[in-house]
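> Need a 3D model of the following:
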Amino acid sequence: MHDSNLEQVVNDLYYWCRRRNFAGYDPFDALNSRVFQSTPLKHSRAARLIWTQLNKRSPLNLRRLALSPPQRNAKGVALFALAALANYRRRKTVEAETEARALLDDLWQMRIQNYSGAAWGYSFAWQSRNFFAPQGTPMIVPTAFAVRALLEAHETFADDNYLQRARSSCDFILQDLKRPVATDEEVCFSYSPLDNTQIFNASLLAGETLATVGALTGETELGDLAIRTARYVVRRQNEDGSWAYGAEPGQQWIDNFHTAYVLLSLQRIAKCEPGDEPDLKAGLKRGYEFWRERFFLADGWPKYYHDSLYPADAHAAATAIVTLLEFEELDRGALPLAERIATWTIRNLRDAHGFFYYQRRRFYTIHTPYMRWSQAWILYALGRLLEQK
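Now for the predicted structure:
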């Protein structure tokens, strides 16, 4: 794809999102439904899970009928801020800087109070397969992405205020998250202060946060903890190089974007803590090779699962592009593959109005324009691709 065409795609998507003030629907926002919340089913774990999956998988967007309002999402705003920072680094204009700083200010205002440090959550109550989190529960995934945005802002603008804000999130990780596994060599952090789950990508995002902040502040103890999170995950890698979603029996699926999360966090921890960790380097190499070989077709089609063609998911495409760009120094074919994924995604999941569809399934496409899951991720990924080309 020609750079000018890619730039037009990015501009069209940005203006589509900005016209909506970066607010929209989410695959997991079903429990925001005022209809559902008016029934006794809201107290049933099974009903919450079924209602969430029904809304997520339906080819029709049920949210208006269910009275689920579009909302801003903290992780989405963090991704939009990352996209805006990439845009500023490329353009170096006052307007681009103003847009990036405004999103960063909005992100900071969205943090959840009354915890040991800055933390963020989702704009909806969430029933996962593993636990229930009421709206307003701080979680490591949106928190880690907020920290990514703050640290990039610190580096881009040479502004220590952003670093101080990012450092605050380390206190949330250290004092509020649980440690279902904690030995002298390994640590696993929970997803939120409410659970004891052992989810590999989530724990590594905590480790990445500690490593990247500690590398800037000189706090070696943060880096030591980060290495222990990396050991915990690498030692639970499958023989073929893959990782399951988590350690529990009901968490054994292997998917594209969670694998990408694991690889990206391991790569960032390894860069910040370049000590003698041969198992980490070997595990990272094996994991990257499995992901690279098993999750993409030659034309750039991003598979959701390693053993199934469908669904093709905008989120998986975008996370793949970002991850490949971070591995470009280690893989000469990373950038060409990222470009093929971008081209495929634009041709197959982009609407004429400029937004991107959720998924292409075997017999139908889900056209719902999820703001965090699809638009924010795609804007960030294509912005980074433009920056790096």
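> Following element in sequence after the helix or strand containing residue 104, please.
Element membership of residue 104, judged by DSSP states H and E, is helix 94-109. With elements assigned by DSSP H and E, the helix or strand that comes after helix 94-109 is strand 120-121.
> Within the sheet, what are the partner strands of the next helix or strand after that next one, with directions?
The first helix or strand that comes after strand 120-121 along the chain, using DSSP H and E, is strand 126-127. Its sheet considered, strand 126-127 pairs with strand 132-133 (antiparallel) by DSSP bridges.
> And the partner strand, how far out from the chain middle?
Distance, stretch centre to chain centre, for strand 132-133: 19 Å (CA atoms, centre = their mean, to the nearest Å).
> For that strand, give the mean pLDDT please.
For strand 132-133, the mean per-residue pLDDT is 87.
> Does anything pack onto the helix or strand just after that strand? Which helices or strands?
As assigned by DSSP H and E, the chain's next helix or strand after strand 132-133 is strand 138-139. Packing partners of strand 138-139 (3 or more CB pairs under 8 Å, 6 or more residues apart in numbering; DSSP states H and E): strand 120-121. Heads up, the C-betas are built off the backbone N, CA and C, glycines and all.
> in its sheet, what does the strand it packs on sit against?
According to DSSP bridges, strand 120-121 forms sheet pairs with strand 138-139 (antiparallel).
> Residues contacting the partner strand, please?
112, 115, 119-122, 133, 172, 176, 191-193, 202 (CB atoms under 8 Å, 6 or more residues apart in numbering).
> those helices in this protein, which residues are they?
Using DSSP state H, the helices of the chain run over 3-19, 34-37, 45-57, 74-91, 94-109, 140-157, 160-175, 200-217, 220-234, 256-272, 278-294, 314-326, 334-349, 377-388.
> I'd like those helices laid out as CSV, including distance to residue 129, mean neighbour count and mean pLDDT.
Listed next are the helices of the chain as CSV, based on distance: least, CB to CB, whole Å; neighbours: other CB atoms under 10 Å; pLDDT from 0 to 100:
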stretch, distance to residue 129, mean neighbour count, mean pLDDT
helix 3-19, 30, 15, 93
helix 34-37, 19, 14, 94
helix 45-57, 7, 16, 92
helix 74-91, 19, 25, 97
helix 94-109, 28, 17, 98
helix 140-157, 15, 24, 98
helix 160-175, 23, 19, 98
helix 200-217, 14, 26, 98
helix 220-234, 20, 21, 96
helix 256-272, 13, 23, 96
helix 278-294, 22, 17, 94
helix 314-326, 18, 25, 97
helix 334-349, 26, 19, 97
helix 377-388, 22, 24, 96
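> So for residue 367, which of these sits nearest?
helix 334-349 (9.4 Å; CB to CB).
> which secondary structure elements does the closest one contact?
Helix 334-349 is packed against helix 3-19, helix 314-326, helix 377-388, with contacts defined by 3+ CB pairs under 8 Å, 6+ apart.
> Dump the C-alpha coordinates for that helix into PDB.
The C-alpha trace of helix 334-349 is given here as PDB (Å, rounded to 0.1, in the frame of the first residue of the first chain):
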ATOM      1  CA  ALA A 334       8.700  -8.300  10.400                       C
ATOM      2  CA  LEU A 335       8.000  -5.000   8.600                       C
ATOM      3  CA  PRO A 336       6.900  -6.600   5.300                       C
ATOM      4  CA  LEU A 337       4.500  -8.900   7.200                       C
ATOM      5  CA  ALA A 338       3.100  -5.900   9.200                       C
ATOM      6  CA  GLU A 339       2.500  -4.200   5.900                       C
ATOM      7  CA  ARG A 340       0.700  -7.200   4.500                       C
ATOM      8  CA  ILE A 341      -1.500  -7.500   7.600                       C
ATOM      9  CA  ALA A 342      -2.400  -3.800   7.300                       C
ATOM     10  CA  THR A 343      -3.300  -4.100   3.600                       C
ATOM     11  CA  TRP A 344      -5.400  -7.200   4.300                       C
ATOM     12  CA  THR A 345      -7.200  -5.500   7.200                       C
ATOM     13  CA  ILE A 346      -7.900  -2.300   5.200                       C
ATOM     14  CA  ARG A 347      -9.300  -4.300   2.300                       C
ATOM     15  CA  ASN A 348     -11.400  -6.700   4.300                       C
ATOM     16  CA  LEU A 349     -12.500  -5.000   7.500                       C
END
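> Please state the offset of it from the chain centre?
For helix 334-349 - counting by CA atoms, centre = their mean - the centre lies 19 Å from the chain centre.
> Show residues contacting that helix.
By CB under 8 Å, 6+ apart, the residues outside helix 334-349 that reach it are 1, 6, 9, 292, 296, 298-302, 312, 314, 317-318, 320-321, 324-325, 327-328, 356-357, 360, 365, 374, 378, 381-382, 385, 388-389.
> measure residue 69 to residue 220 for me?
46 Å (CB to CB, to the nearest Å).
> between the helices and strands packed on helix 334-349, which one is nearest to residue 262?
helix 314-326 (9.6 Å).
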